[in-house]
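> Need a 3D model of the following:
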Amino acid sequence: MAPIRFIGLFKDSSFHTVAKRKNFASRNPGVILVFCIVFLVALGVISLFIYRWMLRRQAEKQRFDTEEG
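This is a model prediction of the structure:
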């Protein structure tokens, strides 16, 4: 009988409200949408810089190959 009384003790206390979780994404869908858009834009900008860096590196390599021979 003691364990049942022990569980009942926490039911009305502040421990129960602290352990209760709320879903942030369902309450704020606009914020999640903005995070997704910002992530996609940042991913695009980073991939653009990487692509241009690779093209520049490839052009330098081809230039080096043609000057040497």
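> where in this protein is pLDDT low?
For the chain, the stretches with pLDDT under 70 are 1-20, 68-69.
> longest helix of the chain?
Of all segments of type helix in the chain, defined using DSSP state H, the longest is helix 29-68.
> burial count for residue 32?
Neighbourhood size, residue 32 [other CB atoms under 10 Å]: 13. Using the backbone N, CA and C atoms, a C-beta is placed for each residue, glycine as well.
> Let me know whether it touches residue 26 as I believe.
No - assessed by CB atoms under 8 Å, residue 32 is found out of contact with residue 26, at 9.2 Å.
> re the thing from before, buried residues in the longest helix of the chain, which are they?
By neighbour count with 16 or more other CB atoms under 10 Å, helix 29-68 contains no buried residues.
> please renumber so the chain begins at 689
Happy to do that; since the first residue is 689 now, the last one works out to helix 717-756.
> Check which helices and strands that helix is in contact with.
Counting contacts by 3 or more CB pairs under 8 Å, 6 or more residues apart in numbering; DSSP states H and E, helix 717-756 packs against no other helix or strand.
> Helix, strand, or coil at residue 709?
Secondary structure assignment for residue 709 (DSSP: H, G, I helix; E, B strand; the rest coil): coil.
> What is the neighbour count of it?
The local packing of residue 709 (other CB under 10 Å) involves 6 other residues.
> Could you measure from it over to residue 732?
34 Å (CB to CB, to the nearest Å).
> And for residue 748?
Residue 748 is 25 Å from residue 732, by CB to CB.
> How about residue 744?
For residue 744, the distance to residue 732 - CB to CB - is 19 Å.
> for residue 717, same thing?
Distance, residue 717 to residue 732, by CB to CB: 23 Å.
> No further queries at this time; thank you.
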